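Chemist: For reference, the sequence and a predicted model appear below.
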Amino acid sequence: MTRRSLFAPFEIIDGDRARGLVLVADHASNLLPEEYGDLGLPAAEFTRHIAYDIGVEPVTRKLAALTGAPAVMARFSRLLVDPNRGPHDPTLIRQLYDGTVVPGNYPISPEERQKRLDAFYTPYHDAVSALIASVATAHGGAPLVISIHSFTPFMQGRERPWHVGLLWDRDDRAIRPLFAALEAEPGGLVVGDNEPYDGALRGDTMYRHCTANGFPHALIEIRQDLIAAEAGQAEWAERLAPILDALNARPDMHGIKMAGSRTGP
């Protein structure tokens with residue numbers, strides 16, 4: 001892994017903010033600041049899904065280039081602190097993850113926990129908020145926010161059959177047309193509805209920045225074996241880009257919707 005003495009907790013990929021589309025990648029990186037070393041883990045653990053979402057960084061970069069949309073990506077490993085969790089979530093700083101004990105996270109003092117929030121978690125979320133606000137201003141309407149993630153094909157001994165999953169909570173404006181577009185793709189994609197996770201996670205990135213504000217959004221989870229190599233990354237970016245462009249062009253994608261009860265797509 002690359003170590004840097006001056007560690008930036010996020011990266012902004014600039015784009016045409018007037019288009020109204022924002023890309024977000026919470027788990028794009030497996031990097032750690034130099035002061036944390038390797039958290040007591042062998043290097044091989046940082047190639048696994050426990051450290052980051054495999055394939056998401058290149059897919060996000062390609063999507064930003066193809067759609068012209070700005071993007072914000074976290075630059076720190078989820079093993080340091082997970083930006084896609086609420087600050088009081090018990091899995092915010094994992095001590096055990098998919099069978100791996102993380103020595104550098106156990107025990108962790110309240111002071112160290114707060115330090116990680118202040119140095120990495122909060123600056124990242126401030127950057128997400130600022131980018132969304134600037135896109136809303138440039139566009140003149142509510143932004144459409146798309147969060148890019150990936151999931152491991154096997155978890156705790158169980159196979160996950162979906163090619164892609166769409167995660168959502170209370171607002172299905174973006175989800176319904178996304179389902180229709182992905183299920184219409186050649187080759188018969190298996191599309192999961194809130195698979196392999198439920199998108200109703202209070203305090204996560206989409207809840208914090210979109211659900212709570214009434215902005216249309218979706219979290220897209222791509223299976224990691226499909227985007228582990230460059231060819232698959234290009235394939236999925238090229239598949240998603242026209243779908244997101246069409247979604248973003250819909251007039252119903254740029255209004256405010258007050259949070260309500262969940263309804264299925």
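Modeler: The structure has been received and is ready for your questions.
Chemist: the helices in the stretch 151-265 of the chain, which residues?
Modeler: 175-183, 205-209, 224-227, 230-249 (DSSP state H, counting those that start in this stretch).
Chemist: among those helices, which is the most enclosed?
Modeler: Most buried of the helices of the stretch 151-265 of the chain, by mean neighbour count (mean count of other C-beta atoms under 10 Å): helix 205-209, with a mean of 22. C-beta: built from backbone N, CA, C; applies to glycine.
Chemist: which regions of this structure sit below the pLDDT cut-off?
Modeler: 1-5, 259-265 (pLDDT under 70).
Chemist: Break down it into its strands, ranges please.
Modeler: 10-13, 21-25, 71-74, 96-97, 100-101, 144-151, 154-155, 158-159, 164-167, 191-193, 217-223 (DSSP state E).
Chemist: Out of the ones you listed, which one sits most buried?
Modeler: The stretch of those with the highest mean neighbour count (mean count of other C-beta under 10 Å) is strand 21-25, at a mean of 28.
Chemist: pull the CA atoms of that strand into PDB?
Modeler: Extracted C-alpha coordinates of strand 21-25, given in PDB (Å, rounded to 0.1, in the frame of the first residue of the first chain):
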ATOM      1  CA  LEU A  21     -25.800  14.400 -11.000                       C
ATOM      2  CA  VAL A  22     -23.400  13.500  -8.200                       C
ATOM      3  CA  LEU A  23     -21.400  10.300  -7.800                       C
ATOM      4  CA  VAL A  24     -20.300   9.100  -4.400                       C
ATOM      5  CA  ALA A  25     -17.800   6.300  -3.500                       C
END
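Chemist: That one pairs with which strands?
Modeler: Sheet partners assigned to strand 21-25 using DSSP bridges are listed as strand 71-74 (parallel), strand 144-151 (parallel).
Chemist: which stretch among these comes nearest I54?
Modeler: Smallest distance to I54 across the strands paired with strand 21-25 (C-beta to C-beta): 5.6 Å, for strand 144-151.
Chemist: How far does the closest one sit from its chain's centre?
Modeler: Mean-position distance between strand 144-151 and its chain equals 4 Å (C-alpha atoms, centre = their mean, to the nearest Å).
Chemist: Next, the angle from it to strand 217-223.
Modeler: Per axes from the mean of the first three to the mean of the last three C-alpha atoms, to 10 degrees, the angle that strand 144-151 makes with strand 217-223 is 20 degrees.
Chemist: For the strands paired with strand 21-25, give me a markdown table that also has distance to A119.
Modeler: Below are the strands paired with strand 21-25 laid out as a markdown table (distance: least, C-beta to C-beta, whole Å):
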| stretch | distance to A119 |
| --- | --- |
| strand 71-74 | 13 |
| strand 144-151 | 22 |
